[in-house]
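> okay, structure incoming, though there's no sequence with it:
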């Protein structure tokens, strides 16, 4: 039986996270970046409230980070067990302790149904009728 745990992300995780994000962007046709997660001293960067990794059988399967400036939940990788949602009460507690009062999560249409179900079970509501999401992909711009 596989064992899945959540732990704080660490600077040494960055190469794995970049690979997971590259795989996700190629799969979904997106070009999301990972912001700088860590400060020089190794703690979280000032704009990162919390960064966690999901580890299954000693391998990182997903990273989730919460940005202070946009109060946005971002993900890379895959976690079929949905560990991040199973432990959402604890995660929400940690975020509330840091003054976070709301969380936004933008989901590509291609994966909105499966991820949307988990988000709804975790207390998120779909705001499609209230907001339109616009994104400018700077990685494709010519200098």
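Everything's here; your move. Note that the structure is predicted; figures quoted are calculated from it, not measured.
> residues touching the strand or helix carrying residue 26, excluding its own?
According to DSSP states H and E, residue 26 maps onto helix 14-28. Contacts to helix 14-28, defined as C-beta atoms under 8 Å, 6 or more residues apart in numbering, come from residues 9, 30-34, 37-38, 53, 60, 62-63, 76-77, 108, 110-111. Using the backbone N, CA and C atoms, a C-beta is placed for each residue, glycine as well.
> at 6 Å instead, please
The contact list for helix 14-28 (C-beta atoms under 6 Å, 6 or more residues apart in numbering) reads 31, 34, 60, 63, 76-77, 108, 110.
> average model confidence for that helix?
Average pLDDT, helix 14-28: 93.
> that helix: which residues count as buried?
16-17, 20-21, 24-25 (16 or more other C-beta atoms under 10 Å).
> quick one: the helices in the chain?
14-28, 83-86, 88-97, 112-121 (DSSP state H).
> and the helix or strand of the chain with the lowest mean pLDDT, how far from the chain's centre?
Lowest by mean pLDDT, DSSP states H and E among the helices and strands of the chain is helix 83-86, with a mean of 75. Remark: helix 83-86 is offset 12 Å from the chain centroid, using C-alpha atoms, centre = their mean, to the nearest Å.
> check which residues of it are buried.
Buried residues in helix 83-86 (16+ other C-beta under 10 Å): 83-85.
> can you put those in CSV and add distance to residue 122?
Compiled in CSV, the buried residues of helix 83-86 are given as follows (distance: C-beta to C-beta, whole Å):
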residue, distance to residue 122
83, 12
84, 8
85, 5
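> from these, which single one is nearest residue 48?
residue 84 (15.9 Å; C-beta to C-beta).
> which residue is the nearest non-sequential neighbour of the closest one?
residue 64 (5.2 Å; C-beta to C-beta, 6 or more residues apart in numbering).
> what is the burial count for that neighbour?
If you count neighbours by other C-beta atoms under 10 Å, residue 64 ends up with 22.
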